[in-house]
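Asker: Sequence plus the predicted model coming up.
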Amino acid sequence: MAENINIQVIYALPERQELLSLAMAPGSTLMQAVDGSGLLGRHGLDAATVKFGIYGKPAKPDAVLRDRDRVEIYRPLIADPKEMRKARVAEKKARKTPKSGA
């Protein structure tokens, strides 16, 4: 039988982060690691709506893990980045437009 693989599961909040190290069987999936960490339940997160990654790259729950992988649980976005950029551009444009009048 092959040795276990060592992985980390991390969930970062604005004020702190939780990082757990787990030993798992070879061939384990990202979702098995997340379930084993207990982080979803501890923070009231729904696996169906949460996004995951491995070392900063998006990954699916069925991704097979390798030794020393770091599984990341991402927080939901507060605002849509595209909409925020559009708002900044519109604001900048409004400041550049000369005011007509006296």
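Answerer: Cool, the structure landed.
Asker: What residues sit buried inside whatever helix or strand Tyr11 lives in?
Answerer: Assigned by DSSP states H and E, Tyr11 belongs to strand 5-12. Within strand 5-12, the residues scored as buried using 16 or more other C-beta atoms under 10 Å are Ile5, Ile7, Val9, Tyr11. For the C-beta atoms, the positions are set from N, CA and C on the backbone; glycine is no exception.
Asker: from the middle of its chain, how far away would the lowest-mean-pLDDT helix or strand in the chain be?
Answerer: Of all helical and strand segments in the chain, the minimum by mean pLDDT, DSSP states H and E falls on helix 81-96, at a mean of 86. Helix 81-96 has its C-alpha centroid displaced from the chain centroid by 26 Å (C-alpha atoms, centre = their mean, to the nearest Å).
Asker: Flag every buried residue along it.
Answerer: In helix 81-96, no residue is buried by neighbour count (16+ other C-beta under 10 Å).
Asker: Show residues contacting it.
Answerer: Helix 81-96 has contacts (C-beta atoms under 8 Å, 6 or more residues apart in numbering) with no other residue.
Asker: Check stretch 35-45 too.
Answerer: So stretch 35-45 is contacted by 9, 11, 13, 18, 20, 22, 24, 34, 46-47, 50, 71, 73 (C-beta under 8 Å, 6+ apart).
Asker: Could you measure from Glu3 over to Ala25?
Answerer: In this view, Glu3 and Ala25 are 9 Å apart by C-beta to C-beta, to the nearest Å.
Asker: The two: which is more packed in?
Answerer: Ala25 (12 against 9; other C-beta atoms under 10 Å).
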